[in-house]
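> no FASTA, just this:
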């Protein structure tokens, strides 16, 4: 990897926290994915189920109906696509349709068949730290030492993925910023990124437009709206690109792609 990769978020859902409903039409979603590539995305991450706090799950048929036409449309145009799913069946269908990466926010915990499915198909896998579905996240944001516990729990997902046969060179880890974590937990993890690096695998930074940034940038007690958190997101993209993070998952691709390019140029010797 010559530089940090930029993963563009493409939510084909009606209820995602930032852009729910904007790309539910397959043709519009494909056009959006192509636009993300034009703006600098190396990978387009297609998701058909919202994982925002308090979101309700959708059934597999609904998720497949949302995701597959978009994966097919983008891969047919040469776009590198990851599928954002917790279901092995959706992952398998998306890979068969051309996706080359599975981004699983549950790290294989939501579906026991996921790790074997990914290993069998030989694609890349992003395993995130996770403690439960959206409805249960807040109550599970309890830690004695958030950095140590996240590293320990994520390390067990790493080991499970490798034991299932996922190739080491295809495994990426994500600490799950915002998932079963409050703002203080998120900041602690970002400050102690070195502890995550000790897990020995590439890392994905996924902080784009998240609630803890809205709280940081609040005015008069009112959190900054999601679309006004992109400058903060881009700063973090550049900061972590400078220390060699594998990838950044973002909504505003151009700003973070510029930040990554700037960090790379500044780091040249």
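Everything's here; your move. The structure displayed is predicted, hence computed values, not measured ones. Numbering: from 1, shown residues only.
> In contact with residue 64: list those residues for me.
48, 89-90, 93 (C-beta atoms under 8 Å, 6 or more residues apart in numbering). Where C-beta positions appear, they are placed from N, C-alpha and C, glycine not excepted.
> Among these, which ones are in helices?
89-90, 93 (DSSP state H).
> Closest one of those residues to residue 149?
Comparing the ones in helices among the contacts of residue 64 against residue 149 with C-beta to C-beta picks out residue 90 as the nearest, at 29.0 Å.
> Quickly note the distance from that closest one to residue 225.
Distance, residue 90 to residue 225, using C-beta to C-beta, to the nearest Å: 30 Å.
> pLDDT of stretch 153-162, averaged?
For stretch 153-162, mean pLDDT rounds to 98.
> and it, how far from the chain's centre?
17 Å (C-alpha atoms, centre = their mean, to the nearest Å).
> For the stretch 1-150 of the chain, which segments count as strands?
5-11, 43-47, 81-84, 101-104, 124-128 (DSSP state E, counting those that start in this stretch).
> Just name the closest of the ones in helices among the contacts of residue 64 to residue 172, please.
residue 90 (18.8 Å).
> So which of residue 90 and residue 225 has more stuff around it?
Taking other C-beta atoms under 10 Å, residue 90 and residue 225 do not tie; residue 90 has more neighbours (28 against 11).
> Tell me which residues touch the closest residue to residue 244 other than its chain neighbours, please.
Nearest residue to residue 244, sequence neighbours excluded (C-beta to C-beta, 6 or more residues apart in numbering): residue 4, at 7.3 Å. By C-beta under 8 Å, 6+ apart, residue 4 lies in contact with 237, 240-241, 244-248, 260, 263-264.
> ranges for the helices of the chain?
26-38, 60-75, 88-96, 114-121, 146-163, 183-191, 193-197, 211-216, 230-242, 253-266.
> okay, the ones you listed in TSV with distance to residue 205 next?
Below are those laid out as TSV (distance: least, C-beta to C-beta, whole Å):
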stretch	distance to residue 205
helix 26-38	17
helix 60-75	23
helix 88-96	22
helix 114-121	21
helix 146-163	14
helix 183-191	8
helix 193-197	9
helix 211-216	13
helix 230-242	5
helix 253-266	10
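> quick one, which of the ones you listed is nearest to residue 130?
Closest among the helices of the chain, using C-beta to C-beta: helix 146-163, at 8.1 Å.
> who wins for proximity to residue 72 among the strands of the stretch 1-150 of the chain?
Nearest of these (C-beta to C-beta): strand 81-84, 9.4 Å.
> helices or strands up against that closest one?
strand 43-47, helix 60-75, helix 88-96, strand 101-104 (3 or more C-beta pairs under 8 Å, 6 or more residues apart in numbering; DSSP states H and E).
> which one of the ones you listed lies closest to residue 201?
Closest among these, using C-beta to C-beta: strand 101-104, at 14.4 Å.
> wait, doesn't residue 183 sit right on residue 218?
No - applying C-beta atoms under 8 Å, one finds residue 183 not in contact with residue 218, separated by 10.8 Å.
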